[in-house]
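J.: got a predicted model here, sequence first, then my questions.
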Amino acid sequence: MATIGIPRRRPTEVVVRVKACALNGVDMLLLDGRFPPPEGLPHVNGCEVAGTVETLGAAAKGVSVGQRVIVFPGFSCGTCEFCLRGERTLCLRYGYLGAHKDGGYAERVKVLAGSCLPLHDSVSFEAGAALPLAFLTSWHALLVKAELKPGQTVLVQAAGSGIGSAAIQIARLIGARVADDRRQRRQRSSSPKRSAPSGSSTTAPRTSSKRRRSGRTSAGWTSSSSTSAARRSSDRPTRSPRLGTLVSIGSHDTHWGRLDLRHVYSKNLRILGTNLGSILELRTLLEYVVDGRLKPVIDRAFPLADARHAVQHVLDRKNKGKVLLVPR
Ligand SMILES: [Zn+2]
């Protein structure tokens with residue numbers, strides 16, 4: 001493991017003492033070379049950071065030394081047409097902490113002061129580190145992109161993963177129904193007439209038992225089965241508008257998938273992509289965590305020195321919920 005010194009910050013940046021950093025699928029893409037670090041090597045992984053502010057740049061505003069914070073992981077150029085429209089996640093130069101800049105597999109990380117959100121004393125650093133990417137991505141996918149409404153049904157692929165467990169909680173929080181894929185499979189096997197799940201869908205019900213136990217699924221497989229599972233969409237006003245929506249939030253197992261286009265056009269499906277969300281959304285969902293209405297699922301925490309074992313734990317698909325690195 002390379003030794004990298006204390007990060008040198010710019011005036012608008014702060015140095016955060018890392019208390020917990022969550023592993024993420026982005027890390028795995030970096031490690032196996034599918035997403036080479038844009039700034040080259042050595043590179044420090046880690047998108048999801050919670051810690052305390054250690055030092056402030058001269059122009060850093062809104063935070064104080066010693067403050068508990070979580071770090072919003074996205075950054076944008078602020079000048080391209082998408083940034084000027086306020087759609088920063090579409091920025092032509094959008095990047096992630098830990099992917100496009102050195103991240104939180106470290107004792108310290110430098111970030112923009114404006115990317116820090118106060119972390120309430122009642123929320124542990126470990127829980128805080130599970131929020132910035134996993135919870136925010138699910139929040140944005142379900143509530144902003146899919147426009148999930150109370151009473152609709154959502155299926156969540158990879159339900160045991162950090163993002164999947166977050167999606168289930170968020171769907172229930174707003175009063176949507178989360179389909180139980182195992183029960184549906186039993187019903188299908190005992191009934192000659194299948195009934196597709198209704199409402200917005202980020203998932204499909206048919207997972208192999210091995211994949212379901214691990215809480216992971218293959219993106220290539222789910223893209224096909226999700227369109228098969230999704231209910232028909234309607235252009236007319238209905239009690240549950242916006243049916244038949246598939247939202248893709250990542251492609252960590254493979255970038256390639258198959259779609260049966262007959263399902264897409266015959267059901268009028270909406271197929272959407274999404275990445276991350278806004279810092280305002282992160283602040284909103286953090287309030288639900290403080291209230292105890294959302295609770296990150298933590299699998300286990302490894303010492304930072306055992307990062308290799310933590311990564312292997314995730315690669316072996318042994319985790320159910322977030323895996324964390326905690327510096328001593
Ligand atoms: Zn931009």
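T.: Done, it's in.

J.: contact residues of this protein facing the ion?
T.: Contact residues of the chain with respect to the ion, defined by CB under 5 Å from the ion, are listed as 76, 77, 80, 83, 91. Every residue, glycine included, has its C-beta placed from N, CA and C.

J.: show the pLDDT at the first one.
T.: In this case it means residue 76. Per-residue pLDDT puts residue 76 at 91.

J.: can you say which of the residues of the chain next to the ion are buried?
T.: Listed as buried from the residues of the chain next to the ion are 76, 80, 83, 91; burial here means 16 or more other CB atoms under 10 Å.

J.: and those residues, which two are the farthest apart?
T.: In these, the most distant members under the criterion CB to CB are 76 and 80, with 7.8 Å between them.

J.: tell me, what's touching the two both at once?
T.: Contact criterion CB atoms under 8 Å, 6 or more residues apart in numbering; residues shared by residue 76 and residue 80: 91, 93.

J.: ok so, going back, a markdown table for the residues of the chain next to the ion, including secondary structure?
T.: Below are the residues of the chain next to the ion laid out as a markdown table (DSSP: H, G, I helix; E, B strand; the rest coil):
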| residue | secondary structure |
| --- | --- |
| 76 | coil |
| 77 | coil |
| 80 | coil |
| 83 | helix |
| 91 | coil |
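
J.: tell me the two of the residues you listed that are most distant?
T.: Among the residues of the chain next to the ion, the pair separated by the greatest distance (CB to CB) is 76 and 80, at 7.8 Å.

J.: okay, now stretch 249-256: how far is its last residue from its first?
T.: Its first and final residues considered, stretch 249-256 spans 14 Å by CA to CA, to the nearest Å.

J.: quick check: the closest residue in space to residue 174 that isn't next to it in sequence vs residue 97, distance?
T.: The spatial neighbour of residue 174 that comes closest, neighbours along the chain excluded (CB to CB, 6 or more residues apart in numbering), is residue 150 at 5.9 Å. Going from residue 150 to residue 97 by CB to CB, to the nearest Å gives 34 Å.

J.: those two - which one has more neighbours?
T.: residue 97 (29 against 10; other CB atoms under 10 Å).

J.: for residue 306, give me its contacts.
T.: For residue 306, the contacting residues are residue 325, taking CB under 8 Å, 6+ apart as the criterion.

J.: again, but for residue 125
T.: For residue 125, the contact set (CB under 8 Å, 6+ apart) comprises 19, 20, 50, 51, 68, 119, 326.

J.: cutoff 6 Å now
T.: When contacts are counted by CB atoms under 6 Å, 6 or more residues apart in numbering, residue 125 touches 19, 20, 50.
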